[in-house]
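Following is a predicted model, sequence given first.
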Amino acid sequence: MVLPRNLLARKLTTLLIFLSGCPIFLFACFYLLFSDSNRSRVLGLMTSPLPYAGQLYAALPNDPGTVITEIKAEDGRCLAIENYLKKYNSPLLPYANILCETSKKYGLDYRLLVAIAQQESNLCKTSHPEWFNCWGWGIHSKGTKTYSSFEEAIESVARGIKENYCDKGYCEDPCVMMRKYTPKSNGSWCFGVKKFMNEIASGF
């Protein structure tokens, strides 16, 4: 079947108009879509998180594993002190957490105050009960330093060890500390403090 010439011409004209108009139409659409004002709005919608999702994760720590590990380590140290004092039925047992927190406050080895108290007074069982000085702290020819409570004594001794020993390089090793803390010792002080520190760390 042969189409009339005029009908064929109209169809060809319509096809040419369609083919030539499509690129112009598509170009106009892309231009409007990605113009400066629309592009920023479109990209903003594409990249912005959902409000609820943002709120869901906003409160999470940057490194929760590290935080949990540190908390467990600190709790374990305080518990080790408590268990050690409980084993020896020490009068210092109710002050286990204060010993732990005060050591942390002054940057001391968490075992040091307890180990010295063990060496000097068998964890306060042989020291004068009204002096609260379990560490042999401030003992000299004129007398012995006394305190009104264990809390006061722990704070004073911890601060004194930090300022007079650790800050001057004597806390690196109990044997180094012994030279100033009890210079007349034949080495038994150093041996005892080290032994007790190891016991606390190992859970005896």
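Thanks, I have it.

Helix or strand with the lowest mean pLDDT in this structure?
Here the helix or strand of the chain ranked lowest by mean pLDDT, DSSP states H and E is helix 51-58, holding a mean of 41.

okay, now the domains of the chain?
5-48, 64-202 (automatic domain parsing).

Which of those domains has the lowest mean pLDDT?
Lowest mean pLDDT of these: domain 5-48, a mean of 58.

mind listing what residue 112 touches?
When the contact criterion is CB atoms under 8 Å, 6 or more residues apart in numbering, the partners of residue 112 are 103, 161, 171, 193, 197. C-beta: built from backbone N, CA, C; applies to glycine.

Quick check: phi and psi on it?
Per-residue torsions, residue 112: phi -60, psi -50 (degrees, to the nearest 10).

Go through the helix or strand where residue 101 lies and flag the buried ones.
If you go by DSSP states H and E, residue 101 is part of helix 96-105. Neighbour-count burial for helix 96-105 flags 96, 98, 99, 100, 102, 103 (criterion: 16 or more other CB atoms under 10 Å).

Make CSV from the residues you listed and add distance to residue 165 to it.
Shown next, in CSV, are the buried residues of helix 96-105 (distance: CB to CB, whole Å):
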residue, distance to residue 165
96, 22
98, 20
99, 17
100, 19
102, 15
103, 13
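
Sweet, I'm off.
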